[in-house]
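[1] can't give you the sequence, but here's the structure:
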């Protein structure tokens, strides 16, 4: 009987924690939405009004004039797009090599990749800055893409290995026996079957690079080249913050990656079961 | 088939003629790994080596080396009166967030793994902060803690606590608590995802079989799920320690390490030393030390995750 009481208590605790966490996630989202729709005078009323007395959707037009938003969106898109392309170009063949071939050094490579999954830019950012500066690569978007891609790479390779291993070999083998070249077998049989893994890698790479702050902040000095996180930080850092624009800009900047993440959420969790936690 | 020779695994059983056709492909896996190797070498390995060397070099204002200085950088670092506080805050920051976020994440993962109406939506909301830039979330929290226009003071006033005008981010203790609070919030999603992934790898039929055999919910949780979850928890904890130690944007955006270095952690201080004070040598020394600490946790992480055979 003690059992059932403990179970009941655990259940309350479980869903209590769930409710609490959900509200702490929704709270800043609500604050941002509410503030982004306020008239300027109302933003600076103390105590704050939780529901704006008048919904001013014009803020979402005005903010593009006040905040360097259009530029930053484009910069983010270019940097993250370039990084994603690099991640795919590197992770797909690497994952295939590690999943399908036995070769000397394979274990060493797998261990190496696993040990740098957790690597963070902060430790090398000073050296990287000096290195990039010596090759005149400061303020070049592609230098940020290359750096972002490298940091998204270990996890992407790990996911790719997991997915490519789950593609049944006999289908590929049958194609090879039928006289199909290895490259065609790879392009026409392996890639379609590993598509969820590839989609996960694409979105992981994009989201990671879209959100990256430290590398972009260090390798770019020209404000017109800043991606969204750096541009927003720069804007907030300046005199008199216009919160009605900042909050709206933050919501707009988060939307693309949120949608992308929701699309692959299920695959993403599966990718993790293949890799790190198994 | 020579053991050392690279080959497609499934080709092992095929004819000798196929093997001769595969021979020119011996370099193929290395070729396939080349793009990854180039990126990792250029962006990680070379800068790490340069950091380790740089810790023993002197630099000019522009960050160019001017020669070797032995241990001078480390001596300057340890003479720095700010460093002890920074190390203490880093320890508090890392331990507090890991210790609080990990158990919450486990409870959350258990809740999100059981069936209830609206589970898909609940999962989406819980995971969402992971997909958003920490910079954006930190910017919103900075506004929430604003002394006059922020929502936090107003929220407290609902409970009869009147604090309007309190600069939460402008006072050392409350600022540290505030950044830790946001740190916890932003650590939970990923840990929950990792734990949930682990829970899903526990075969359901095993749990069902135990249930048919008459095992109660508590017994199943205590004797089956938690032991199976233990290695996953070890991984989640290590991941958290590494991530939180490394986390830069939360503190940087909310307080900039202030007031007077009271919320600086090793990583924000490192950034200031190098990029604001142009003390590249001391920055490199601190980077090198952080690298060694992180190496230890990385080794533990690799050992915890790689019980699976490669």
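    Yep, that arrived. Note that the coordinates shown come from a computational prediction; the quantities given were computed from them, not determined experimentally.

[2] count of neighbours near the residue of the stretch 201-310 of chain B found nearest chain A?
    Using CB to the nearest CB, the closest approach of the stretch 201-310 of chain B to chain A is made by residue B:246 at 3.5 Å. C-beta here means a position set from N, CA and C on the backbone, and glycine is covered the same way. The number of residues packed around residue B:246, counting by other CB atoms under 10 Å in any protein chain shown, is 20.

[3] who's in contact with it?
    Shown here is residue B:246, whose contacts under the criterion CB atoms under 8 Å, 6 or more residues apart in numbering or on different chains are A:120, A:122-123, B:267, B:294.

[4] using pLDDT, spot the least trustworthy of those residues.
    Within the set of those, pLDDT is lowest for residue A:120 (84).

[5] what's the distance between it and residue B:87?
    Computed as CB to CB, to the nearest Å, the residue A:120 to residue B:87 distance reads 18 Å.

[6] among those two, which residue is more densely surrounded?
    Between residue A:120 and residue B:87, counted using other CB under 10 Å, the more crowded position is residue A:120 (19 against 14).

[7] wait, doesn't the more buried one sit right on residue B:239?
    No - shown here, residue A:120 and residue B:239 do not form a contact pair, counting by CB atoms under 8 Å, at 11.7 Å.

[8] and the residue positioned nearest the centre of chain B, how close does it get to residue B:123?
    With the centre of chain B defined as its mean C-alpha position, the nearest residue by CA atoms, centre = their mean is residue B:243, 1.5 Å away. Taken as CB to CB, the spacing of residue B:243 relative to residue B:123 amounts to 21 Å.

[9] just residue B:113 next, same as before
    Spatial separation of residue B:113 from residue B:123 under the definition CB to CB is 10 Å.

[10] out of these two, which sits in the more crowded spot?
    When neighbours are counted by other CB under 10 Å, residue B:123 comes out ahead of the other of residue B:113 and residue B:123, with 21 against 17.

[11] how's chain A carved up into domains?
    Using automatic domain parsing, the domain ranges for chain A come out as A:1-62, A:67-273.

[12] distance to residue B:35 for these - can I get that in CSV?
    Below are those laid out as CSV (distance: least, CB to CB, whole Å):
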stretch, distance to residue B:35
domain A:1-62, 37
domain A:67-273, 4
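
[13] so of those domains, which one's packed in deepest?
    With neighbours taken as mean count of other CB atoms under 10 Å in any protein chain shown, those reach their highest mean count in domain A:67-273, at a mean of 20.

[14] in stretch B:53-61, what counts as buried?
    Neighbour counts using 16 or more other CB atoms under 10 Å in any protein chain shown place B:54-57, B:59 of stretch B:53-61 among the buried residues.

[15] in helices, which of those residues fall?
    With DSSP state H as the criterion, helices contain residue B:54 from among the buried residues of stretch B:53-61.

[16] restrict the buried residues of stretch B:53-61 to those near chain A?
    Counting by CB under 8 Å from any CB of the partner chain, residue B:54 from the buried residues of stretch B:53-61 sit close to chain A.

[17] dump the buried residues of stretch B:53-61 to TSV, plus pLDDT and distance to residue B:33.
    Formatted as TSV, the buried residues of stretch B:53-61 follow (pLDDT from 0 to 100; distance: CB to CB, whole Å):
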residue	pLDDT	distance to residue B:33
B:54	91	29
B:55	92	30
B:56	93	33
B:57	91	32
B:59	87	35
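
[18] and which of the buried residues of stretch B:53-61 is nearest to chain A?
    Among the buried residues of stretch B:53-61, and counting by CB to the nearest CB, the member closest to chain A is residue B:54, at 6.4 Å.

[19] isn't the closest one right next to residue B:279, touching?
    No - Residue B:54 is beyond contact range of residue B:279, at 11.6 Å (criterion: CB under 8 Å).

[20] mind checking if stretch A:91-105 is in reach of chain B?
    Yes - when contact is scored as CB under 8 Å from any CB, part of stretch A:91-105 falls within range of chain B: A:91, A:93-94, A:96-98, A:100-104.

[21] chain center to that stretch, what's the gap?
    25 Å (CA atoms, centre = their mean, to the nearest Å).

[22] cool, stretch B:101-109 as well?
    Chain-centre distance of stretch B:101-109: 16 Å, with CA atoms, centre = their mean.

[23] how close does residue A:241 get to residue A:214?
    Distance of residue A:241 to residue A:214, computed by CB to CB: 22 Å.

[24] actually, residue B:286.
    Separation of residue B:286 from residue A:214 (CB to CB): 15 Å.

[25] and if you look at residue A:65?
    Residue A:65 is 29 Å from residue A:214, by CB to CB.

[26] just residue B:97 next, same as before
    If you measure residue B:97 against residue A:214 using CB to CB, the figure is 18 Å.

[27] over to residue A:117?
    Noted for residue A:117: a distance of 17 Å to residue A:214, by CB to CB.

[28] same check, this time on residue B:93
    Using CB to CB, one obtains 17 Å as the distance from residue B:93 to residue A:214.

[29] what's the answer for residue B:287, then?
    For residue B:287, the distance to residue A:214 (CB to CB) stands at 13 Å.

[30] so which elements touch the longest helix belonging to chain A?
    For chain A, the helix reaching the highest residue count under DSSP H is reported as helix A:2-36. Packing partners of helix A:2-36 (3 or more CB pairs under 8 Å, 6 or more residues apart in numbering or on different chains; DSSP states H and E): helix A:243-274, helix B:83-113, helix B:119-131, helix B:134-144, helix B:172-200, helix B:217-219.
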